[in-house]
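Trainee: make a model of this:
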Amino acid sequence: MKLKLALFTILFTLFGSLMVSQLKMVNAQTAENSPLTSPITYFISKIMGNVVYKNLLTIKPAYDVYIYAFNVKTGEKYIAQTDINGNYTLSVKKGLYAVFPYDINRTSFIPYYRSVDANKDVSNVNFIGTQILQYSPSSKPSIYYKN
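Mentor: The predicted model follows:
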């Protein structure tokens, strides 16, 4: 009697696990072919902002400034460029980013970088290209900004 009970338990367990694996396979095939399944996404968030150049008298949009975003955890890098109005948008995976601007003239920007938690869309990540003081021994100091 004990032998029959042990044999029944073993067969029931094997048969049950076989049924469960078949059921999972059928569900996976149905979900794959179903028109109601959603596509795989990477949970994209947007980082948006504006960059301007500022000197003593004027403020103007910073065109063609590169905006870099580095994921602090993974090291992934994203790059965008500002448009003619100084606006930019970066599409990034959700996470914590260090965002900073750079232009070919090596302008000083305030702030130097921004720490951004992009677990949802973030706006107003703005930067200002500032004036710098240039001194040459053969001339008087002059204030200007690069653009």
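
Trainee: got the domain boundaries for the protein?
Mentor: Using automatic domain parsing, the domain parsing of the chain gives 1-37, 44-134.

Trainee: which of the ones you listed has the lowest mean pLDDT?
Mentor: For the domains of the chain, the weakest mean pLDDT is recorded on domain 1-37, namely a mean of 53.

Trainee: how about the longest strand anywhere in the chain: buried residues?
Mentor: Secondary structure of the chain read by DSSP state E shows that its longest strand is strand 44-54. Residues Ser45, Ile47, Met48, Gly49, Asn50, Val51, Val52, Tyr53 are the ones in strand 44-54 that count as buried (16 or more other CB atoms under 10 Å). For glycine as for every other residue, the C-beta is placed from the backbone atoms N, C-alpha and C.

Trainee: what's the answer for stretch 59-74, then?
Mentor: Neighbour count says stretch 59-74 has Pro61, Ala62, Val65, Ile67, Tyr68, Ala69, Phe70, Asn71 buried, by 16+ other CB under 10 Å.

Trainee: can you map out the helices along the chain?
Mentor: 2-33 (DSSP state H).
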